[in-house]
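Novice: okay, here's the prediction I keep looking at, along with the sequence it came from:
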Amino acid sequence: MSKLIILDRDGVINQDSDSYIKTVEEWQPIPGSIEAIAKLSQAGYLIAVATNQSGIARGLFSEQTLQAMHEKLLSMVNDAKGKIECIVYCPHGPNDTCDCRKPQTGLIKKIESALKTSAINAWLVGDSLRDIEAARKAGCKPILVKSGKGLRTLKTYPAIEAEIYDDLADFAKVLLSQDH
């Protein structure tokens, strides 16, 4: 039984924007997401984040700014007595040929390597078709949350093959209730 949970970032952990999250100030957690990560990590789950960040390739923000956003996230989770084991990201644009941009599985492979664990049967929580496709390709259990772009994804792909939750806090509550 895998104790690994891979989270998409924008729309799952923090508020998303069609014009990208470009500054540390714009990076705002979705209510309940930080506490959900803390509860999951306290329950023994390894939490990893895999995020496409094409805003870097588009010149909208720098890798230093992205690093500062991730430090804010790690600090908030730490303050809530939780832990994120690793954060991996794809800095490429949609037209770059890379193996890391979801729905490719390069980010998941990076997580497996960093944490020396398999992502087979790990949960992958996302808000887009790309997340669900990456989960399937990597042998993960796909979870779609309605936060972020999740409702739009569900409307476009009503037959999407994934467990569906309102948001990360809802997923965490259900998963932790099944543990006992």
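Specialist: Arrived safely.
Novice: now for L74, how many residues are close by?
Specialist: When counting by other Cβ atoms under 10 Å, one arrives at 15 neighbours for L74. Any C-beta I mention is one placed from the backbone N, CA and C, and that applies to glycine too.
Novice: do I have it right that it meets I84?
Specialist: Yes: using Cβ atoms under 8 Å, L74 is in contact with I84, at 5.9 Å.
Novice: pop out the phi and psi values for the residue most central in space within the chain.
Specialist: Per Cα atoms, centre = their mean, the C-alpha nearest to the average position across the chain is that of D8, at 1.5 Å. Dihedral pair for D8: phi -70, psi 160, per degrees, to the nearest 10.
Novice: look up how far A162 lies from the spatially closest residue to it that is not a sequence neighbour.
Specialist: Sequence neighbours aside, G126 is the residue nearest to D8 in space, at 3.9 Å (criterion: Cβ to Cβ, 6 or more residues apart in numbering). Going from G126 to A162 by Cβ to Cβ, to the nearest Å gives 8 Å.
Novice: what do those two both touch?
Specialist: Common contacts of G126 and A162 (Cβ atoms under 8 Å, 6 or more residues apart in numbering): 132, 135, 142-144.
Novice: filter those residues down to the ones in strands?
Specialist: 142-144 (DSSP state E).
Novice: any idea of the mean pLDDT in stretch 27-46?
Specialist: The average pLDDT within stretch 27-46 is 97.
Novice: returning to that earlier point: tell me if I'm right that the residue nearest to the centre of the chain and V125 touch.
Specialist: Yes: if you go by Cβ under 8 Å, D8 and V125 touch, sitting 6.5 Å apart.
Novice: need the residues touching each of those two.
Specialist: Counting by Cβ under 8 Å, 6+ apart, the contacts common to D8 and V125 are D131.
Novice: need the pLDDT of the residue nearest to the centre of the chain.
Specialist: As predicted, D8 sits at a pLDDT of 98.
Novice: who are the contact partners of it?
Specialist: D8 neighbours (Cβ under 8 Å, 6+ apart): 49-51, 102, 124-128, 131, 148.
Novice: neighbouring contacts of stretch 167-175?
Specialist: 7, 12-13, 30-33, 35-37, 39-40, 123, 125, 143, 145-147, 165.
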